[in-house]
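Peer 1: The following block contains a protein sequence and its predicted model.
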Amino acid sequence: MKNYLIFLAFLYCGWPLLLPAQNLKVLTYNIHHGQNMHDTVDLQGIANVILATNADLVALQEVDSATSRAHGADQLKELAALTGMYTYFAKAMDFDGGAYGTAILSRLPITAKERIALPGSRDREPRIAGIVTLQLPGGDSLLQFVCTHLDAGNEPEDRISQATALAQHFSNTKIPVILAGDLNAAPTAKETGILKQLFADATQGAGLTYPSDTPTVKLDYILLYPKHRFNVTAASVVQETVASDHRPVVAELEIKE
């Protein structure tokens, strides 16, 4: 009885109870508009990778929506039907009779969506970040999940500007952020370093990602902010060599309250 009264007094004083950590599996994948290494558009192949990893959150780059190249298909809608996940498409530009950009698949309910344009040269492909706010299970905690795809040019200036804009955008956020995507930069590049000043790299040491058949460089990342809110329990490059020209990257995370 004495212990029970102490417990009631603990609650009455309003001390917070520690909630269990949230476990999430995150995947980032540049899907090359669904075109595999045999030059065939095969969204089922992409869906198979997503399903095999059992990911909760998926960041997709190079996604077509109703383009002639995709034979008019809404690629995100088709992937949602194949995986049973919530969706958000963030258009980077009009392209080939439709749209082209990044996309997010989520097993968690999406409570808000946002698209931010990133700086870049006028003669370069426009770059953006798609952002969703998610409701974590078992409480009122929120999470932001970001998908981006930085400039692919040989010179780093645009990527540096884009990385700087992303770091500035999220530096004062009050909720945890997972930023995933194709940075088109090696781990030692200046632009990657700018992001790593704010974010922890969950995929550090996971391996090379491009090109998928014989990868020579890491371009694809899963980044975490703030660092103290996350534990990385596993991270790896999926050994998929056909479905796209990039290999997907997956991380298992623990989000601490």
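Peer 2: That came in fine, so what should we check first? Residues are numbered from 1 along each chain as shown.

Peer 1: Could you say which helix or strand holds the residue nearest to the spatial centre of the chain?
Peer 2: Ranked by distance to the mean C-alpha position of the chain (C-alpha atoms, centre = their mean), the top residue is residue 180 at 3.1 Å. According to DSSP states H and E, residue 180 maps onto strand 177-182.

Peer 1: Does anything pack onto the helix or strand following that strand? Which helices or strands?
Peer 2: Next along the chain after strand 177-182, taking DSSP H and E as the criterion, comes helix 190-196. Here helix 190-196 touches helix 157-170, strand 220-225, going by 3 or more C-beta pairs under 8 Å, 6 or more residues apart in numbering; DSSP states H and E. (Each C-beta comes from the backbone N, C-alpha and C, glycine too.)

Peer 1: Make TSV out of those and add mean neighbour count, distance to residue 96 and mean pLDDT.
Peer 2: As requested, the helices and strands packed on helix 190-196 are exported to TSV (neighbours: other C-beta atoms under 10 Å; distance: least, C-beta to C-beta, whole Å; pLDDT from 0 to 100):
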stretch	mean neighbour count	distance to residue 96	mean pLDDT
helix 157-170	20	23	98
strand 220-225	26	24	98
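
Peer 1: now these in CSV, with distance to residue 95?
Peer 2: CSV is the format used below for these (distance: least, C-beta to C-beta, whole Å):
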stretch, distance to residue 95
helix 157-170, 19
strand 220-225, 22
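
Peer 1: Of all the ones you listed, which one is nearest residue 243?
Peer 2: Residue 243 lies closest to strand 220-225 among the helices and strands packed on helix 190-196, at 13.8 Å (C-beta to C-beta).

Peer 1: Residues in contact with the next helix or strand after that closest one: which ones?
Peer 2: Remark: after strand 220-225, the chain's next helix or strand is strand 230-237, criterion DSSP H and E. Contact with strand 230-237 is made by 21, 23, 176, 200, 202-209, 215, 222, 224, 247-256, as judged by C-beta atoms under 8 Å, 6 or more residues apart in numbering.

Peer 1: what's the offset of strand 230-237 from the middle of its chain?
Peer 2: Distance of strand 230-237 from the chain centroid (C-alpha atoms, centre = their mean, to the nearest Å) equals 14 Å.

Peer 1: what's the angle from the helix or strand that that strand is followed by to strand 220-225?
Peer 2: For strand 230-237, the following helix or strand on the C-terminal side (DSSP H and E) is strand 249-255. Interaxial angle of strand 249-255 relative to strand 220-225 (axes from the mean of the first three to the mean of the last three C-alpha atoms, to 10 degrees): 10 degrees.

Peer 1: Give me the residues contacting strand 249-255.
Peer 2: With C-beta under 8 Å, 6+ apart, strand 249-255 has contacts from 21-29, 53, 55, 136, 141, 143, 176, 178, 202-203, 206, 209, 220-222, 224, 229-238.
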